[in-house]
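J.: What shape does this take:
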Amino acid sequence: MSRTRITFVVSCLVAAMPATAQTLPKRIQDSKIISIAVNGTYPPMESVDPVTNKLVGFDLDLGDALAKKLGVTLEWHDGAFAQLIPSLQTGRADMILSGISDLPARRETMDFVDYLNSGAQFYTLDTSGIKTPEDLCGKRVGTVRSTNYPANIAAWSDEHCVNAGKPAIDSVGVDRMPLVHTELQQGRIDAAVQGSETLPTLMKTEPGIYRLVAPPFTKNFQGIAFAKADTGLRDAVMGALKSLYADGTYTTLIKKWELDASAAPAPTLNGDPAP
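T.: Coordinates of the predicted model:
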């Protein structure tokens, strides 16, 4: 075989190797472990199966698929949503994979590999007399306080209630999404807000209880979050995610968890097309 032929074959083999494995940071190459911060209270993205007491959901399946591409093992650390970002910033976690929104303010300290479309959405009890979003002016609307949803509610209220001379929405914050559902069912709030990607699952698992008030009133991406300086891991995960899109795994998982309406056509980096 000629030297030219050998060079060509080697080049092809290198090109065929997963670029992700070559770009993992040394600490992960050595340990073969990626530590992930997650908040298991947000089905179908992540939640604790009451039978097995194990985390399940789209993000868990996506993480497992990424791990196979990267040749690593994942360690999932389930904690409060408010602790996800501090865990990343203090190095206790390598990344966040937990239905977290990619927001401009968060990009100041983190990078996001985006993989899903989302939006804040109002819903209420099916027996409620609330028919339109404007009916919520002056009402109590609950959500998880450590998310961006309280700010979303306040901005919508200012524009559609206060500016129209109506009383503002009273935003009620709680610690976890299951508590929002409890507050709503016990009549302590009139409506609630959570991500549009999760509401079909909620309405399917508790049929006849809830009703959507209107389509989502915000639009944003959900992404895998990384410390700003951890570009090697970020780029490796981006490469692995692109591979999952290309081989059909992403679409398979989307269909498994019935997230077709929230599927992203391609991964993005901080909301922009991936390099």
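
J.: In the stretch 1-150 of the chain, what residue spans correspond to helices?
T.: 3-16, 19-23, 26-31, 58-70, 84-89, 149-160 (DSSP state H, counting those that start in this stretch).

J.: in the stretch 101-250 of the chain, which spans are strands?
T.: With strands called from DSSP state E, counting those that start in this stretch, the stretch 101-250 of the chain shows them at 110-118, 120-125, 140-144, 170-174, 191-195, 210-212, 220-227.

J.: contacting residues around the residue most central in space within the chain?
T.: Nearest residue to the geometric centre of the chain (CA atoms, centre = their mean): G99, 1.7 Å. G99 makes contact with 39, 42, 45-46, 59, 116, 118, 195, 197-198, 222, according to CB atoms under 8 Å, 6 or more residues apart in numbering. For glycine as for every other residue, the C-beta is placed from the backbone atoms N, C-alpha and C.

J.: Quick check: chain neighbours aside, which residue is closest to it?
T.: Of all residues not flanking G99 in the chain, M45 sits nearest, at 3.8 Å (CB to CB, 6 or more residues apart in numbering).

J.: The one you found against I100, yeah?
T.: No: counting by CB atoms under 8 Å, M45 stays clear of I100, with 9.5 Å between them.

J.: Lowest average confidence across the helices of the stretch 1-150 of the chain, which one?
T.: In terms of mean pLDDT, the lowest-scoring of the helices of the stretch 1-150 of the chain is helix 3-16 (a mean of 39).

J.: how about A264, phi and psi?
T.: Here is the backbone geometry of A264 (degrees, to the nearest 10): phi -90, psi 130.

J.: Verify the stated contact: it with D114.
T.: Yes: between A264 and D114 a contact is recorded at 6.4 Å, counting by CB under 8 Å.

J.: Low-confidence ranges, the stretch 151-275 of the chain, go.
T.: Within the stretch 151-275 of the chain, no range satisfies pLDDT under 70.

J.: Helices of that one, residue ranges please.
T.: Taking DSSP H, counting those that start in this stretch to define them, one finds helices in the stretch 151-275 of the chain at 177-185, 199-205, 231-246, 249-256.

J.: Centre of the chain to the third one, how far?
T.: Relative to its chain's centre, helix 231-246 lies at 16 Å (CA atoms, centre = their mean, to the nearest Å).

J.: any idea how far the residue nearest to the centre of the chain is from T198?
T.: The spacing between G99 and T198, counted by CB to CB, to the nearest Å, is 8 Å.

J.: residues shared between the contacts of the two?
T.: Shared contacts of G99 and T198, defined by CB under 8 Å, 6+ apart, are found at 42, 45.

J.: The residue nearest to S243 when sequence neighbours are not counted: neighbouring residues, count only.
T.: Leaving aside its chain neighbours, S243 sits nearest to K69 (5.5 Å; criterion: CB to CB, 6+ apart). K69 has 20 neighbours, counted by other CB atoms under 10 Å.

J.: Ok, K219 next?
T.: Residues within reach of K219, counting by other CB under 10 Å, total 10.
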